[in-house]
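1. coords below, sequence missing:
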């Protein structure tokens, strides 16, 4: 027989491994593939689990950070409105009435309209026909314009609607069609509420001569623009945040301008 038929002769395809060795080599290759696939799968699951944990941790933090920024911007809006009211008072020696009326006593426009020139909105104010109601056809074009400072950044829905309102009450700083003066706040301006941020359910169009009364303020709900409460502007222009847990009697006392209370903070 020739040398090529010898299984141990070089060049013979059967001379490099024995049948047993071939089976062992094949089993080794098979095990490598079987092990790599599960390992890759476990690594992928680990990445997904870790990624989910990261998202689960960071998402609430990001949401809270965004709301904190919106709440700060809201406070800035109310600060601007409070400053405009002070500038109005400096110019006319009185606050604007809560609303203007015609000769028949019908409501026409809100105090928010009256302070527009003091909020860098003189041009917008000049477009309004003050002799006609805010929702008359003559004022329709202006009524469709958003005043950014009147819209809380956290508020959802129509930006023409505002949650920044006065508390219209004979005991407060806005009595109705009758203007008041800062000097009437014998409790002290720092202890008297000028404006409040109300709930969504009580929002009004920024031109509308409607706000809220004292009873509505005292019946605060949980439908706030901000979690847990809302801002108020005090008579001295300071902006503070009051929570829904505030004692009703204290809140009522803070609205009154001449009840003899002495509160320097909430």
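-> Sure, I can see it. Not measured: the values here are computed from a predicted model.
2. report the buried residues of stretch 215-222.
-> Within stretch 215-222, the residues that count as buried by 16 or more other C-beta atoms under 10 Å are 216-217, 220. (Glycine included, C-beta is placed from N, CA and C.)
3. got the residues you listed as JSON lines, with secondary structure columns?
-> JSON lines is the format used below for those (DSSP: H, G, I helix; E, B strand; the rest coil):
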{"residue": "216", "secondary structure": "helix"}
{"residue": "217", "secondary structure": "helix"}
{"residue": "220", "secondary structure": "coil"}
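4. looking at the residues you listed, which one is closest to residue 155?
-> residue 220 (16.2 Å; C-beta to C-beta).
5. roughly how far does the closest one sit from residue 144?
-> To residue 144, residue 220 is 31 Å away according to C-beta to C-beta, to the nearest Å.
6. from residue 71, how far off is the spatially most central residue of the chain?
-> Geometric centre of the chain, nearest residue: residue 154, 1.6 Å, by C-alpha atoms, centre = their mean. As judged by C-beta to C-beta, residue 154 and residue 71 stand 7 Å apart.
7. and stretch 88-101, how far from the chain's centre?
-> Here the centre of mass of C-alpha atoms in stretch 88-101, compared against the chain's by C-alpha atoms, centre = their mean, to the nearest Å, lies 29 Å away.
8. can you list the residues that contact it?
-> 85, 107-111, 114-115, 118, 130, 166, 168, 173-182, 209-211 (C-beta atoms under 8 Å, 6 or more residues apart in numbering).
9. type out the PyMOL command that picks the buried ones from the residues you listed.
-> Buried subset of those, written as a PyMOL selection, criterion 16+ other C-beta under 10 Å:
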select buried, resi 85+107+108+109+110+111+114+115+118+166+168+173+174+175+176+179+180+182+209+210+211
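10. which of the contacts of stretch 88-101 fall in helices?
-> Judged by DSSP state H, helices contain the following of the contacts of stretch 88-101: 85, 111, 114.
11. need the contact list for the last one.
-> Residue 114 makes contact with 88, 96-97, 100 under the criterion C-beta under 8 Å, 6+ apart.
12. for the second one, same thing?
-> Neighbour list for residue 111: 85, 95-99, 166, 174 [criterion: C-beta under 8 Å, 6+ apart].
13. go again using 10 Å as the cut-off
-> 81, 84-85, 88, 95-100, 165-166, 168, 174, 179, 195, 209, 211 (C-beta atoms under 10 Å, 6 or more residues apart in numbering).
14. did I read that right, the residue nearest to the centre of the chain in a helix?
-> No. Residue 154 sits outside any helix when classified using three-state DSSP, being coil.
15. looks like it contacts residue 163 (just checking).
-> Yes. Using C-beta atoms under 10 Å, residue 154 is in contact with residue 163, at 9.3 Å.
16. overlap of the contact sets of those two?
-> The contact lists of residue 154 and residue 163 share 74, 197, 224-226, 230, where a contact means C-beta under 10 Å, 6+ apart.
17. between residue 154 and residue 71, which contacts overlap?
-> Counting by C-beta under 10 Å, 6+ apart, the shared contacts of residue 154 and residue 71 are 225-227, 230.
18. lowest-confidence one in those?
-> Note: of the shared contacts of residue 154 and residue 71, the lowest pLDDT belongs to residue 225, at 71.
19. how many neighbours does it have?
-> 23 (other C-beta atoms under 10 Å).
20. likewise for the one 5 residues further on?
-> Here the count is done by other C-beta under 10 Å, and residue 230 has 23 residues near it.
21. before we move on, what about the one 4 residues further on?
-> Number of residues near residue 234 (other C-beta under 10 Å) recorded here: 24.
22. let me know the pLDDT of it.
-> 97.
23. mind jotting down where the strands sit in the stretch 151-266 of the chain?
-> Along the stretch 151-266 of the chain, the segments classed as strands by DSSP state E, counting those that start in this stretch run 161-162, 164-165, 167-168, 193-197, 204-205, 212-213, 229-234, 239-243.
24. how about the stretch 1-150 of the chain?
-> Counting by DSSP E, counting those that start in this stretch, the strands of the stretch 1-150 of the chain are 99-101, 107-110.
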